[in-house]
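[1] sequence and predicted structure below; questions after.
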Amino acid sequence: MNMPKRMPRQHQERQPGQQAAMHPEPLTIRDDYRGADKLRGKLALISGGDSGIGRAVAVHFAREGADVAIVHLDSEIDDALATRHRVEAEGRRCMTLAADLGAPDAARRVVDAVVRQFGRLDVLVNNAGEQHPQPALADITPDQLERTFRTNLFAMLYLTQAALPHLPRGGAIINTGSVTGARGNPALVDYSATKGAIQAFTFSLASQLAPRGIRVNAVAPGPIWTPLIPSTFTPEKVETFGQDTLLKRPGQPAEVAPAYVYLACDDASYVTGQILHINGGSLMSP
């Protein structure tokens with residue numbers, strides 16, 4: 001895969017950012033990725049599925065035969081529709097739902113709508129997230145702290161609570177963590193704390209749900225080229241993003257999404273309570 005080593009300087013004013021405005025635009029799926037019906041007949045619900053890693057997961061799942069429902073913020077309708085178009089181009093159905101999952105009622109409404117539409121729910125991907133870099137702990141306001149935990153952690157718990165009554169034996173839950181959850185990041189203290197909590201949540205829930213035959217795992221990406229990067233970092237930081245990995249470049253969503261396919265399908269039938277790191281050989285936090 002021929003990926004650029006260094007990204008052009010750029011910045012977007014509002015997160016999570018617009019994928020179409022990025023240059024180069026993130027790679028969602030490789031042209032030579034061949035589906036093998038690994039998820040044929042399944043229904044997957046993906047939060048934060050409008051762009052970046054979430055879009056890549058949705059399109060990969062569709063190529064493997066799954067129908068998909070994605071949750072997105074009201075402000076991200078254009079990216080959500082682009083994702084739906086990509087899923088439908090794979091011959092699968094895609095439902096888009098606008099919701100702020102930080103509220104428990106919103107999570108229940110989303111799951112109820114998905115089950116009414118498709119009649120089932122087999123795979124839950126908790127992927128929604130936000131970050132607000134700050135140089136010092138004292139700069140993190142109570143409002144920022146609450147927002148980061150509500151989006152990254154509370155929404156994950158609420159959506160999982162709502163989904164659990166519908167997940168069958170053999171179902172899968174996949175949480176999006178981060179390399180920062182294991183190694184921290186001095187400019188992302190609150191974000192890193194939520195990602196560390198997601199690791200503990202994954203381990204604990206896997207133990208709780210094993211008797212039900214539901215597997216729970218997480219993917220911990222490193223520096224991946226998504227709209228969150230130009231919308232939260234300075235142009236100078238964007239230009240050097242990913243340079244501190246062994247591979248000396250940021251990863252693409254297309255390089256992360258196959259890990260979600262693996263954890264969602266029967267290839268991972270003996271895998272639960274695990275964190276799968278996809279980070280280019282990160283030597284330190286991105």
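    Yep, it's here.

[2] ok, Arg120 to Lys42 distance?
    8 Å (CB to CB, to the nearest Å). Every C-beta, even on glycine, is put in place using the N, C-alpha and C of the backbone.

[3] do the same with Phe118
    Where Lys42 is concerned, Phe118 sits at a distance of 10 Å (CB to CB).

[4] who's more crowded, those two?
    Between Phe118 and Lys42, counted using other CB atoms under 10 Å, Lys42 has the larger neighbour count: 22 against 18.

[5] now do that one, the pLDDT please.
    Looking at Lys42, its pLDDT reads 98.

[6] got it, and Pro286?
    The predicted structure lists Pro286 with a pLDDT of 39.

[7] please apply the same query to Lys38.
    The predicted local confidence for Lys38 is 98.

[8] which residues are common contacts for Arg120 and Lys42?
    With CB atoms under 8 Å, 6 or more residues apart in numbering applied, the contact sets of Arg120 and Lys42 do not overlap.

[9] which residue ranges of this protein form helices?
    52-63, 77-89, 104-118, 142-149, 155-163, 180-183, 189-209, 228-232, 235-240, 253-264 (DSSP state H).

[10] closest one to Gln19 among the ones you listed?
    Go through the helices of the chain one by one with CB to CB and the one that ends up closest to Gln19 is helix 77-89, at 5.4 Å.

[11] contacts for the closest one, please.
    Contacts of helix 77-89 (CB under 8 Å, 6+ apart): 18-20, 28, 49-51, 54-55, 58-59, 62, 68, 70, 72, 93-94, 96, 98, 227.

[12] which of these fall in strands?
    Members of those lying in strands (criterion: DSSP state E): 68, 70, 72, 94, 96, 98.

[13] next one: the spatially closest residue to the last one that is not a sequence neighbour from Pro135, what distance?
    Using CB to CB, 6 or more residues apart in numbering and skipping residues adjacent in sequence, the residue nearest Ala98 is Asp74, 4.8 Å away. Separation of Asp74 from Pro135 (CB to CB) stands at 31 Å.

[14] same thing with Ala107?
    33 Å.

[15] neighbour count winner among the two?
    Ala107 (25 against 9).

[16] skipping adjacent residues, who's closest to the more buried one in space?
    The nearest residue in space to Ala107 (CB to CB, 6+ apart) is Tyr158, at 3.9 Å.

[17] where's Thr245 relative to Met3, distance?
    12 Å.

[18] look at the two and report which has more neighbours.
    Thr245 (20 against 16).

[19] contacting residues around the closest residue to that one other than its chain neighbours?
    Excluding its sequence neighbours, the residue lying closest to Thr245 (CB to CB, 6+ apart) is Gly280, at 3.6 Å. Applying CB under 8 Å, 6+ apart to Gly280 gives the contacts 222-223, 242, 245-247, 249-251.

[20] many thanks, I have nothing further to ask.
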